[in-house]
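[1] Here is my input, please return the structure:
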Amino acid sequence: MKNKIISLLIVVSALILQGCDYFTEPNFVPEFPWTTVDQFEMAVIVPYSVGQGGWADNMGIVSFYEMLATDVSSVVPQAAPNNEWPAFVSRAHRQWDHSSLNWISGTYPNIFRAIAGCNEGISFLEKDDWQNLFPRDSKEKIDANIPRAKSELYFWRALAYYWATLLFYPPYNQGGANDDRVLPLKTSNADPQDTPIGSTQEVIDQMIADLKDAKSFMPQSYYRSGRINYWTICGLLARVYFYTGDFANAEKECTEIINHYHPMGLPDDPLAVWSVSIGQQEPTNEAIWMHNANTYEHQGWAWTVVGRASPWDAVSGRGENSQITWCACKLSNAMIKQLGWMTDPVNGDFTETDLARADKRYGRHGHDRDNRVTWWRVEPYKSNAEVKAEVESTGDATLWDKYQQHHDAEVDPMIYVDKYYRTPTGSFQNQPLMRVPEFYIMRSAIRNRNGDKAGAAADLKVVRDRAGLTGPYEITAATINEDEIMNEFVREMTGESVYMLYTVALQRPILPGDRKGVANVSPPYSGWYWKIPVNEVNTNAGYLGIPNPNDK
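    Numbers count the residues shown, from 1 in each chain. You can find the predicted model right below:
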C-alpha cells in the first residue's frame, strides 16, 4: 500500500509540471505501473518539480545560506528583521532549533521527496527487461528514450544528495575518515522507517556511482531546455570530485566540458545568460543547465534574498519600485576591498577604482555602459519622495536605480548581486544553474595547485577577457595565484550556490568578512552543518545504536 501511495503522488506531481503538454490531452489516462515510454516520462520529471519555487527552493536556499554565513556578503539588518538570517550570520549552525528554521527545514523533506521519486523510477526499470516493461512500444522508441530517462533519475538522486551534503553533513574532510552518520542513504523505497544511515564517505561514493551511471546512459546529443544533459552530469561530477579533493578526476570532467563548449566561445555580454524569459532560447555557448520559470510566477523566490531586484515589480531588473524590500545580502566591505572595486571601504573610503570601471560585470548609475551588468553599486539611502523630485527635475528616470530606496540606516555605498529578475517580467526569468565559466575557474584552480601556472592563467583569461579585464589587468603565469583565482570566482559566480563548495575543495578558511571579533573557520570546519528534523531520528529505526547526529 505504501508504495502505491508513493506512486500515486509521483503521478500527481508529474501532472502539474509545465512543458509536458501531452499529459493534459483529453485521452491521457495515468497508469501505474507505467506501461509505455510516454507514461514513464512522468517518473522522470518528478524531481524537477520537487522543491522548486517558494522560499525553501533546494537550489536557491544554498545561495542564501552561503551568502549570509560566509565572508562574501554582509547582512542588511532592516531587510529581514524577523527572518532567519541571524542563524546564518552568527554561524551557529548546531545551536539553533531546527524547527524554527523554516527555510532550511523545508529543504529536508524536499530532498528526500526527490530521492524517493528517483528510487521509484530506477527500481521499476530494474524489475525486468525494458521490452517487457513497455510492451506497447517499439524497441526503437525504448532505446531512444529509456536510457536517457534512467540517466536523469540517477542524476537527480545524486543532486539531491549533493544538496544534503552541503547542508546537513559535516564538510568533507580531505584525508579524514568521513565516518559521521547523519542522513538515511536511501537507494530504495522499501522499509522507509528502517533505512540505513550513510556515512559522509558512503554518500559521496553513492553520488559518484550514480553520476557515472547517469553519464553512461545519457546521449551527448540530447538537449531540452530546462532538462539536464550530458554536460550537466559532467559538471556535477566535477563539483563532487573537486569537493573531495580528487582534483585529477575533477580536471578531466572540466576538460570534457571545456572541449565541448570552447569552440563556440563565451558570449560577449555577461548578462546574456541572465536575460532569458520563458520560451526564449538560452545562449547554449554558456548555459549548461537552466532553471525554467513557469506561469505561476513562483519559481526562485529564494533568490530574492541575494539579489537587488523584485521578481514582480522589476522591468528588466530596473526602474521605480524594482528594488526588493527584503534583499538581505550586500557585498561585504571586506570582500569589496579584496576584489579591488573600492579603495578601502573597510575604513570608509568608498572610492570606485579603475579596476571596477574596467569590469563589464560591474555597474553604477552614470556608468558608460547600458547596465548589462551582474553587479550594481547603490548609493546611500534617499526617500522615494527625494528620488522622485530628482527624477522630475532632471528627466533622468535611471536615478531610481542609483540610491538605496528602502533602508534609511544604510548610509554608505553598497554593491549588490544583480543577476536575477533581469527579464522584462522578472518572475519569468529562466535562471542559470550551471554555466561554462565555472569550469574554467575550477580547472584554473586545479592547474594552479598542480604547478601548471601557464595553464591556470590561460583558463582564467577566458573568463576575464569576456569581463573586459585585459591589458593592464591581465593575469599571467608569472602573477597568478590562488587568491586571484578566488577573487575572479567571486566576481563571476557569487549567488550561484557554489562558494562553499570551492572553499571546502581548496581547504581555505572561511573568513569573518565584516563580522567583528570573529575568528576564521578553518578546515575541517567543525560544526559547519545544520541539524536534521528531530522526527527523522525518532521515527527511523536506522538510527538505533547510532549517536544522535543532532547532539554533536
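[2] which residues does L271 contact?
    372-374, 419, 422 (C-beta atoms under 8 Å, 6 or more residues apart in numbering). In this view, the C-beta of every residue, glycine as well, is placed from N, C-alpha and C.
[3] How about the backbone phi and psi for it?
    L271 adopts backbone torsions of phi -90, psi 0, taken as degrees, to the nearest 10.
[4] got it, and W289?
    The phi and psi values for W289, taken as degrees, to the nearest 10, are phi -150, psi 130.
[5] Please enumerate the helices of the stretch 351-500 of the chain.
    354-358, 384-394, 436-449, 453-466, 482-493, 499-505 (DSSP state H, counting those that start in this stretch).
[6] Give me the buried stretch members for the helix or strand just after the last one, please.
    Put plainly, it is helix 499-505. Using DSSP states H and E, the helix or strand that follows helix 499-505 towards the C-terminus is helix 534-539. Within helix 534-539, the residues scored as buried using 16 or more other C-beta atoms under 10 Å are 536-537.
[7] just how off-centre is helix 534-539 within its chain?
    Helix 534-539 sits 28 Å away from the centroid of its parent chain (C-alpha atoms, centre = their mean, to the nearest Å).
[8] can you give me the strands in the chain?
    All strands of the chain, identified by DSSP state E, fall at 73-75, 181-184, 197-199, 287-291, 329-331, 342-344, 349-352, 362-363, 375-378, 414-417, 431-435.
[9] Out of these, which gets nearest to G468?
    Ranking the strands of the chain by proximity to G468 (C-beta to C-beta) places strand 362-363 first, at 9.5 Å.
[10] contacting residues around that closest one?
    341, 356, 369, 371, 373, 375-377, 415, 418.
[11] give me that answer again for 6 Å
    With C-beta atoms under 6 Å, 6 or more residues apart in numbering as the test, strand 362-363 has contacts from 356, 371, 373, 375-376.
[12] what does stretch 184-201 give?
    Under the contact criterion C-beta under 6 Å, 6+ apart, stretch 184-201 has outside partners 6, 115-116, 119-120, 169, 178-181, 202-203, 539-542, 546.
[13] before we move on, what about stretch 476-487?
    By C-beta under 6 Å, 6+ apart, the surrounding residues in contact with stretch 476-487 are 339, 444-445, 448, 453-454, 456-457, 475.
[14] Could you find the closest non-adjacent residue to I415?
    Spatial nearest neighbour of I415, chain neighbours left out: L331 (4.2 Å); criterion: C-beta to C-beta, 6 or more residues apart in numbering.
[15] And the helices of the stretch 351-500 of the chain: which comes nearest H98?
    H98 sits nearest to helix 499-505 of all these, at 19.3 Å, using C-beta to C-beta.
[16] Pull out the buried positions in stretch 141-155.
    Buried residues in stretch 141-155, counting neighbours by 16+ other C-beta under 10 Å, are found at 142, 145-155.
[17] Just put these in CSV and tack on pLDDT.
    Below are the buried residues of stretch 141-155 laid out as CSV (pLDDT from 0 to 100):
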residue, pLDDT
I142, 97
N145, 97
I146, 98
P147, 98
R148, 98
A149, 98
K150, 98
S151, 98
E152, 98
L153, 98
Y154, 98
F155, 98
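[18] can those go into CSV with extra columns for distance to Y525?
    Formatted as CSV, the buried residues of stretch 141-155 follow (distance: C-beta to C-beta, whole Å):
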residue, distance to Y525
I142, 46
N145, 43
I146, 41
P147, 39
R148, 37
A149, 37
K150, 35
S151, 33
E152, 32
L153, 32
Y154, 29
F155, 27
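[19] Just the residues you listed: which are in helices?
    Residues of those located in helices (DSSP state H): 142, 145-155.
[20] any idea which of those is the one closest to G60?
    Using C-beta to C-beta, F155 is the member of these that lies nearest G60, at 19.2 Å.
[21] so how far is E256 from the closest one?
    Here the criterion is C-beta to C-beta, to the nearest Å. By it, F155 lies 16 Å from E256.
[22] Likewise for K453?
    Distance, K453 to E256, using C-beta to C-beta: 23 Å.
[23] Same question for N347.
    Distance of N347 to E256, computed by C-beta to C-beta: 46 Å.
[24] Have a look at those two and say which one is more surrounded.
    For N347 versus E256, neighbours defined as other C-beta atoms under 10 Å are more numerous around E256 (19 against 8).
[25] Give the closest residue to that one in space, chain neighbours not counted.
    Closest residue in space to E256, ignoring its immediate chain neighbours: C234 at 5.2 Å, by C-beta to C-beta, 6+ apart.
[26] can you list the residues that contact stretch 127-147?
    Stretch 127-147 is contacted from outside by 36-37, 217, using C-beta under 6 Å, 6+ apart.
[27] Are any of those buried, and if so which?
    Among the contacts of stretch 127-147, the ones that count as buried by 16+ other C-beta under 10 Å are 37, 217.
[28] Would you mind giving the contacts of stretch 127-147 as CSV with distance to S225 and pLDDT added?
    Shown next, in CSV, are the contacts of stretch 127-147 (distance: C-beta to C-beta, whole Å; pLDDT from 0 to 100):
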residue, distance to S225, pLDDT
T36, 24, 95
V37, 21, 96
F217, 20, 98
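[29] Please report how far the residue lying closest to F350 once chain neighbours are set aside lies from N321.
    Computed as C-beta to C-beta, 6+ apart, the closest residue to F350 that is not its neighbour in sequence is P413, at 4.5 Å. Using C-beta to C-beta, P413 is found at 21 Å from N321.
[30] Who has more neighbours out of the two?
    In this view P413 and N321 are compared by other C-beta under 10 Å, and P413 has more residues nearby, 20 against 14.
[31] what's the pLDDT at F64?
    F64 is assigned a pLDDT of 83 by the prediction.
[32] Give me the below-cutoff pLDDT ranges for the chain.
    Residue ranges of the chain with pLDDT under 70: 1-32, 51-54, 82-83, 294-300, 314-317, 368-369.
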